[in-house]
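In: Below is the sequence, then the predicted model.
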Amino acid sequence: QVHMVESGGGLVQAGGSLRLSCAASGRTGTIFTMGWFRQAPGKEREFVADTNRMIGGTNYADSVKGRFTISVDNTKNTVYLQMNDVKPEDTAVYFCASKKSFALGPTDYEYWGQGIQVTVSS
């Protein structure tokens, strides 16, 4: 089992920056891909970005490409989401997740954090 805990959320003005962190614990040697999803009020959860821990590849949703950067520190089993030039439409609960698969993309995620609120004011 893998346990994941997000931190770093909060309120930020449009155009500003915020960095989310997510620390994994437990059987972290079994997970190879870590990512971020988000869910806005009244909407379904959507994929934001993910990265492969060993190969280092990254994948982003079009809506965040060029503004958000995902990275991972394997020594800390922590994945980060650097959010720059944020917009009001980025307001959502952000979830980190991980999976055993090497494949990037929104499918097959097995372990999830509890979510953390990010609110962007205009």
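Out: Arrived safely.
In: residue contacts, the residue located most distally from the centre of the chain?
Out: In the chain, the residue that sits farthest from the middle, by C-alpha atoms, centre = their mean, is Ser122; the gap is 22.6 Å. Going by C-beta atoms under 8 Å, 6 or more residues apart in numbering, Ser122 touches 14, 88. C-beta here means a position set from N, CA and C on the backbone, and glycine is covered the same way.
In: and it, how far is that from Val48?
Out: Plainly put, Ser122 is 20 Å away from Val48 if you go by C-beta to C-beta, to the nearest Å.
In: Same check on Val2?
Out: On the measure of C-beta to C-beta, Val2 and Val48 end up 19 Å apart.
In: Looking at the two, which one has more neighbours?
Out: The residue with more neighbours, out of Val2 and Val48, is Val48; 25 against 20, by other C-beta atoms under 10 Å.
In: so how far is whichever strand or helix holds that one off the chain centroid?
Out: Under the criterion of DSSP states H and E, Val48 resides in strand 46-52. Averaging C-alpha positions (C-alpha atoms, centre = their mean, to the nearest Å) puts strand 46-52 6 Å from its chain's average.
In: just checking, next helix/strand downstream of it?
Out: That would be, after strand 46-52 and using DSSP H and E, strand 58-60.
In: Give the pairing partners of the next helix or strand after that next one; include direction for each.
Out: The element immediately downstream of strand 58-60 (helix or strand, assigned by DSSP H and E) is strand 68-73. As defined by DSSP bridges, the strand partners of strand 68-73 come to strand 78-83 (antiparallel).
In: Brilliant, that's me finished.
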